[in-house]
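A.B. asks: Dropping the sequence and predicted coords here.
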Amino acid sequence: LPGAEFALYKVEKIVTDNGALSDDQKELEDANDNGIDDGTETAIGNDTVITDRSDVGADSEEGNTVDYSVLSNENYIDFDYSTITPLVDKITTDDNGNAVVPEALEAGAYVLVETKAPKNYLKADPQYIYIDTTTLYSSTSYEIEVKDEEFEAMVRAVKVDADTGKTAEQAGVGFKVKNLDTGNYVVQTIDTYSEPEVEGAPHELIKSEETDTFYTDGTGTVTLPGVLPVGHYQLEEISAPKGYVLNTEPIEFTIDDEMDYYPDDDNKQFDYDENTRDVIITVTCEDEPTKVEISKKDMTDQEELPGAELKVWYTDSTGIKKVVEEWTSTDRPHMIKGLEIGKEYTLTETVPADGYVTAADVKFTVRDTAEVQKVVMVDDITKVQITKSDITTGDPVKGATLQIIDSNGKVVEQWITSDEPYYIEKLPVG
């Protein structure tokens, strides 16, 4: 791989099969007689392979005056290398993926740190190297192979309310991911485990199944179980949360190690899975909630009628009435968001505005649309006809003074009778 950059650091301590090597120890074991001591091979591990000894190598002894006392074989993996100066820097691989350290190295321990990986590859862990005196004097140098893993990422889909920007915390929202480079939908395996009866006991695998559809949990998020390689993809919503309209627009995203997934944060490019440490790319899918606008209007002038107490409710599968929302009408329509598509609801007036008759219930069903759906309930005014009659003849009695008094003793209406009935409108119900 061309373009990888490395830095070489001197290490304070040395690892061997028998622990730290003292200054008095001159002989090192070489069980497989390959010219490389066992301690070096143990420390190198699986990601670094010594492939061969080379006649091409160091010709300078500069850099040995740097103090590396803070760096040891015990902390070299997680060490902050920005705090010290490398023995050799900018060791860069050529078009064939090869690089040579241009410094003569003395016997001892070193760490090779990959400071820059090739595009869409991940930097390898720091590599521990030990050069014993036997190796130093029997060969000019030896080769080390460092393996970089290809950049991959897990994908997390998050369902968000388009109006509020908050996560729609519902389980069962379905997504598919399409690879735009191949035209195929991503298929991964989902493992299902049982909950152990005894705390701390291992989980038992119940089933493994391949699927191309992935569903959110109660947090409104879903993370695909496996990683995806570098490429171009799109997220497609298959089923929407309750109370939301399906987003039919695919959301394109790219997996690439040079993408900045947090452009507003100069110190952050990726998220990482806390368990696997895999890169996680978050793709947000916004859904519009359903919107129902409810108007309470005066029958006479069709204006909004304040003061009526209203509620919207539905009947669940067990026959129990569930109230969604209650409110008192104002001079503006009332908006309810997030009612379920296809469900029948009932608008009920529990207390009419003063001077109006209680309206009949209005039933409505929420349609599958992001447009505002309007529901109107109209109230008629109360109308009362009063006649003062002779109890004997039944004829109208003229000249009597009558009053209507409310429950608080307040005179609501007063008039003098005539031979015509007296009409009163908008008396409060009750």
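C.D. replies: Arrived safely. From a predicted model like this one, the values you see are computed outputs, not experimental measurements.
A.B. asks: Glu152 contacts Leu228, correct?
C.D. replies: Yes: taking contacts as C-beta atoms under 8 Å, Glu152 lies within contact range of Leu228: 6.5 Å. The way it works is simple: take the backbone N, C-alpha and C, and place the C-beta from them, glycine included.
A.B. asks: so what sits against both of these two?
C.D. replies: Here Glu152 and Leu228 share the contacting residues Ile255, scored by C-beta atoms under 8 Å, 6 or more residues apart in numbering.
A.B. asks: So what sits opposite Ile416 in the bridge?
C.D. replies: Thr401 (DSSP bridges).
A.B. asks: Could you tell me which ranges of this structure sit under the pLDDT cut-off?
C.D. replies: Applying pLDDT under 70 to the chain picks out residues 12-74, 103-104, 135-142, 429-430.
A.B. asks: go again using 50 as the cut-off
C.D. replies: Applying pLDDT under 50 to the chain flags the ranges 14-28, 34-35, 43-45, 47-68.
A.B. asks: So which residues of it form helices?
C.D. replies: Secondary structure of the chain (DSSP state H): helices located at 38-44, 133-138.
A.B. asks: distance of Tyr130 from Tyr110?
C.D. replies: Noted for Tyr130: a distance of 8 Å to Tyr110, by C-beta to C-beta, to the nearest Å.
A.B. asks: Pull up the overlap in contacts between these two.
C.D. replies: With C-beta under 8 Å, 6+ apart, Tyr130 and Tyr110 have no common neighbours.
A.B. asks: Now Glu149: closest residue in space, sequence neighbours ignored.
C.D. replies: Leu122 (4.9 Å; C-beta to C-beta, 6 or more residues apart in numbering).
A.B. asks: whoops, I mixed them up, Thr219
C.D. replies: Going by C-beta to C-beta, 6+ apart, Thr219 has Glu169 as its nearest residue, at 5.7 Å.
A.B. asks: Give the full set of residues in contact with Asp301.
C.D. replies: With C-beta under 8 Å, 6+ apart, Asp301 has no contacts at all.
A.B. asks: scratch that, Ile251 is what I was asking about
C.D. replies: Gln234, Leu235, Glu236, Val283, Thr284, Cys285.
A.B. asks: which of those residues are buried?
C.D. replies: Restricting the contacts of Ile251 to buried positions leaves Leu235, Glu236, Val283, Cys285, with burial counted as 16 or more other C-beta atoms under 10 Å.
A.B. asks: can you tell me how far the last one sits from Ile391?
C.D. replies: When you say that, I think you mean Cys285. Where Ile391 is concerned, Cys285 sits at a distance of 77 Å (C-beta to C-beta).
A.B. asks: likewise the first one?
C.D. replies: Counting by C-beta to C-beta, the separation of Leu235 from Ile391 is 82 Å.
A.B. asks: Repeat that for the second one.
C.D. replies: Separation of Glu236 from Ile391 (C-beta to C-beta): 81 Å.
A.B. asks: any idea which residue sits dead centre in this protein?
C.D. replies: Val158 (3.9 Å; C-alpha atoms, centre = their mean).
A.B. asks: Was I right to think that residue contacts Gly220?
C.D. replies: Yes: here Val158 lies in contact with Gly220, judged by C-beta under 8 Å, at a distance of 6.5 Å.
A.B. asks: Return every residue with contacts to both of the two.
C.D. replies: Common neighbours of Val158 and Gly220 (C-beta under 8 Å, 6+ apart) are Thr167.
A.B. asks: and the nearest residue to Leu427 once chain neighbours are set aside, how many residues sit next to it?
C.D. replies: Closest residue to Leu427 apart from its sequence neighbours, by C-beta to C-beta, 6+ apart: Thr382 at 4.9 Å. By other C-beta atoms under 10 Å, the residues close to Thr382 number 17.
A.B. asks: same check, this time on Lys383
C.D. replies: If we define neighbours as other C-beta under 10 Å, then Lys383 has 11 of them.
A.B. asks: residue boundaries of the strands in the stretch 151-300 of the chain?
C.D. replies: 152-161, 174-179, 184-185, 188-193, 205-211, 214-215, 221-223, 228-229, 231-239, 251-255, 271-272, 279-287, 291-298 (DSSP state E, counting those that start in this stretch).
A.B. asks: Can you give me the separation between Asp161 and Thr290?
C.D. replies: Using C-beta to C-beta, Asp161 is found at 11 Å from Thr290.
A.B. asks: which one of those two has more residues nearby?
C.D. replies: More crowded of Asp161 and Thr290, by other C-beta under 10 Å: Thr290, with 25 against 20.
A.B. asks: so that one touches Thr365, yeah?
C.D. replies: No: with contact defined as C-beta under 8 Å, Thr290 does not count as touching Thr365 (11.1 Å).
A.B. asks: Distance check, Gly409 against Lys337.
C.D. replies: In terms of C-beta to C-beta, Gly409 sits 45 Å off from Lys337.
A.B. asks: same thing with Ser239?
C.D. replies: Ser239 is 19 Å from Lys337, by C-beta to C-beta.
A.B. asks: Same question for Arg156.
C.D. replies: For Arg156, the distance to Lys337 - C-beta to C-beta - is 26 Å.
A.B. asks: which ones are touching the closest residue to Thr282 other than its chain neighbours?
C.D. replies: Nearest in space to Thr282, with sequence neighbours left out and distances taken as C-beta to C-beta, 6+ apart, is Arg156 at 4.8 Å. Counting by C-beta under 8 Å, 6+ apart, Arg156 makes contact with Thr221, Val222, Thr223, Leu224, Asp271, Ile280, Ile281, Thr282, Val283.
A.B. asks: Could you rerun that using 10 Å?
C.D. replies: Thr221, Val222, Thr223, Leu224, Asp271, Asp273, Ile280, Ile281, Thr282, Val283, Thr284 (C-beta atoms under 10 Å, 6 or more residues apart in numbering).
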